[in-house]
Structures are given as C-alpha cells and as structure tokens.
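A.B. asks: sequence first, predicted model second:
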Amino acid sequence: MKLVSIRLITDDIQRLAGFYEHVTGIEASWATPDFAEIGTSAGALAIGSSRTVALFAAGSVRPADNHTAIIEFLVADVDAEYRRLRDVVEDFVTEPTTLPWGNRSLLFRDPDGNLVNLFTPVTPRAVAKFAV
C-alpha cells in the first residue's frame, strides 16, 4: 500500500490552492475547476471544492472543519520559512521551536483553519531519520 495524497475539502478552492502554492513554492496542477493538487516527491496535497463531496457521499465531509490532522512538510530551514511566510500566514500557532524528538517546527493554520507544520530535523537522530 502506498499513501498518494491527503485531500482537503474547501468552499474556496482558488484561495486554498493559492495559499499552498505560496507555502510550498509548487504550482498547483488543476484537473478541473473543482480539483487541484500540489505534487511533492512524497505524494500530493489534493484540494477539492465542496462541490466534489457529492461524488463520494453527500455530507461525508465538512469544509474547514478539521480538528485532528496536521499537514506536515519537511523543509531545509524552518527559520527561513518563518521569515518568508510572516506576511502571508495570518494564524501562527507557534514560532519555530525545537521539539523533544529533534525537529525544529513551525505550526500555523491555513485559511480554512487546517494545521500545517513545517519542520527541519536538527539533532543527529532526526537528521538520520529523514536522510535521503
């Protein structure tokens, strides 16, 4: 089994796709006006319009109502990303902080309130875990 994407459902797909294009520096690939993907080497962040929910099962998801998941991106320098994103992100949860497991992390919310974590491994053990 291979995880290929995480999908966010939103009422404003243009806004959310544009936000993640800015955060990642990756241009979204649009399949339809209701579905875009930010492709990375590990998989895609898919962004679907709330109009796509009926294709799965009406009422199965609620846009902008995530309170359990964190979308995480490995970055080269989390402190530099924080400086770059300060004028774009409206809701920082934490400034860059080194966590007990060895990652320096920055936590913020996207325009729909989903939690996003940018992190850089900084201890030898964490660096080794994410070495390519």
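C.D. replies: Arrived safely. Numbers count the residues shown, from 1 in each chain.

A.B. asks: buried residues in the helix or strand of the chain with the lowest mean pLDDT?
C.D. replies: Ranked by mean pLDDT, DSSP states H and E, the weakest helix or strand in the chain is helix 53-56, scoring a mean of 77. Across helix 53-56, burial judged by 16 or more other Cβ atoms under 10 Å covers Val53. Using the backbone N, CA and C atoms, a C-beta is placed for each residue, glycine as well.

A.B. asks: please parse this protein into its domains.
C.D. replies: If you go by automatic domain parsing, the domain ranges for the chain are 1-58, 67-132.

A.B. asks: which parts of the chain are strands?
C.D. replies: 5-10, 29-32, 35-40, 43-49, 70-74, 91-98, 103-109, 115-121 (DSSP state E).

A.B. asks: give the pairing partners of the shortest one; include direction for each.
C.D. replies: The sheet places strand 29-32 alongside strand 35-40 (antiparallel), with pairing taken from DSSP bridges.

A.B. asks: pull the number of nearby residues for Asp65.
C.D. replies: 10 (other Cβ atoms under 10 Å).

A.B. asks: how close does it get to Ser29?
C.D. replies: Separation of Asp65 from Ser29 (Cβ to Cβ, to the nearest Å): 25 Å.

A.B. asks: what's the answer for Ser50, then?
C.D. replies: Going from Ser50 to Ser29 by Cβ to Cβ gives 20 Å.

A.B. asks: more neighbours, the two?
C.D. replies: Higher neighbour count among Ser50 and Ser29: Ser50, with 16 against 13, using other Cβ under 10 Å.
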